[in-house]
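Asker: What would the 3D arrangement of this be:
(one chain, ligands or ions: 1)
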Amino acid sequence: MNKINYQLAEFVLSAPTLANLPTDEGIEVAFVGRSNAGKSSALNALCQQKNLARTSKTPGRTQLINLFRLSEQCSLVDLPGYGYAKVPAAVKKNWQKMISEYLESRRSLKGLVMIMDIRHPLREYDQLLLAWALKAKLFVHILLNKADKLARREQTKILAEVKQQLPANDLISIQTFSALRQQGLEELQQTLNTWFSVHS
Ligand code: GDP
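Answerer: Next up is the predicted model:
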């Protein structure tokens, strides 16, 4: 298995619709998460870049799909966040349609990294996405982010609890993480290296 240098990540484009994405080839890994769980921070930590994914955004305004290239064949995709209470129903509906279509139809999509706040795991949309992803036979790696907010003992306890609530499925893996403290970075990189390995 080859190692990927995530620091080489380069912004390619922001796509307002699936039709604006580049040709469906190579391997893509998409980052998803409830707004404010730390999706941008996790991407920045993985790639060791401060501003790769912007961390201060107006809630509900960022409905774009952002694409970053790691190599000719490997890309990271930053999907629009979800769970904003104030977002109009039409926007939520549009998000659901776009994301479900992307998960079902994007052949190069290998897996999802789902970012959750360790203090608020497995909320409504997380469960929905997880179900869609498994239906589409995608890998799902869950980051219980902001682990630095809890003592190690508490982190371990929640990790075990969340594991129990997840469906038994070999496609799912989970770890504690802190984008702030760069905790769990190696485990994340190793998981993604295996997903990307065919083409790297
Ligand atoms: P996004 O909306 O999911 O992209 O979330 P952001 O990356 O913008 O992060 C939301 C807020 O959580 C920001 O204030 C971050 O500084 C903070 N944050 C992100 N990751 C961590 C972490 O690991 N630990 C702590 N304590 N705060 C974090």
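
Asker: Residue numbers of the chain in contact with the ligand?
Answerer: 33, 35-41, 55, 81, 145-146, 148-149, 178-180 (CB under 6 Å from any ligand atom). Where C-beta positions appear, they are placed from N, C-alpha and C, glycine not excepted.

Asker: Go ahead and confirm Leu143 touches Asp117.
Answerer: No - using CB atoms under 8 Å, Leu143 is not in contact with Asp117, being 9.9 Å away.

Asker: ok, these two, which is more surrounded?
Answerer: Leu143 (30 against 18; other CB atoms under 10 Å).

Asker: Which phi and psi values does the more buried one adopt?
Answerer: phi -100, psi 120 (degrees, to the nearest 10).

Asker: Any idea what it is bridged to?
Answerer: As for beta bridges, Leu143 partners with Ile115, Gln175 under DSSP bridges.

Asker: Surely Ala37 is in a helix?
Answerer: No - under DSSP: H, G, I helix; E, B strand; the rest coil, Ala37 sits outside any helix and is assigned coil.

Asker: Pretty sure it sits against Ile115.
Answerer: Yes - at 4.7 Å, Ala37 and Ile115 qualify as touching, with contact defined as CB under 8 Å.

Asker: follow-up on the earlier one: ChimeraX command for the buried members of the residues of the chain next to the ligand?
Answerer: Buried members of those, defined by 16 or more other CB atoms under 10 Å, are picked up in ChimeraX with:
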select :33,35,36,37,38,39,40,41,81,145,146,148,178,179
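
Asker: and Ser200, what pLDDT?
Answerer: As predicted, Ser200 sits at a pLDDT of 46.

Asker: what do you get for Lys92?
Answerer: Listed pLDDT for Lys92 reads 88.

Asker: Also the one 4 residues further on?
Answerer: Per-residue pLDDT puts Gln96 at 92.

Asker: Kindly report the same for Gly60.
Answerer: At Gly60, pLDDT is 49.

Asker: Kindly report the same for Pro88.
Answerer: Pro88 is given a pLDDT of 86.

Asker: in what helix or strand does the residue nearest the centre of the chain lie?
Answerer: Central residue of the chain (CA atoms, centre = their mean): Phe31, 2.0 Å from the mean position. Under the criterion of DSSP states H and E, Phe31 resides in strand 27-33.

Asker: For the chain, identify the residue most remote from the centre.
Answerer: Distance from the C-alpha centroid of the chain peaks at Arg153, with 25.4 Å (CA atoms, centre = their mean).

Asker: quick one on the thing from earlier: the strand holding Phe31: partners in the sheet, and parallel or antiparallel?
Answerer: Strand pairing (DSSP bridges) places strand 27-33 next to strand 74-78 (parallel), strand 109-117 (parallel).

Asker: For that strand, what does the pLDDT average out to?
Answerer: If you average the pLDDT values across strand 27-33, you get 97.

Asker: Same check on stretch 145-156?
Answerer: Rounded mean pLDDT across stretch 145-156 is 98.

Asker: which residues touch it?
Answerer: 37-38, 41-42, 115-119, 144, 158, 176-181, 183-184 (CB atoms under 8 Å, 6 or more residues apart in numbering).
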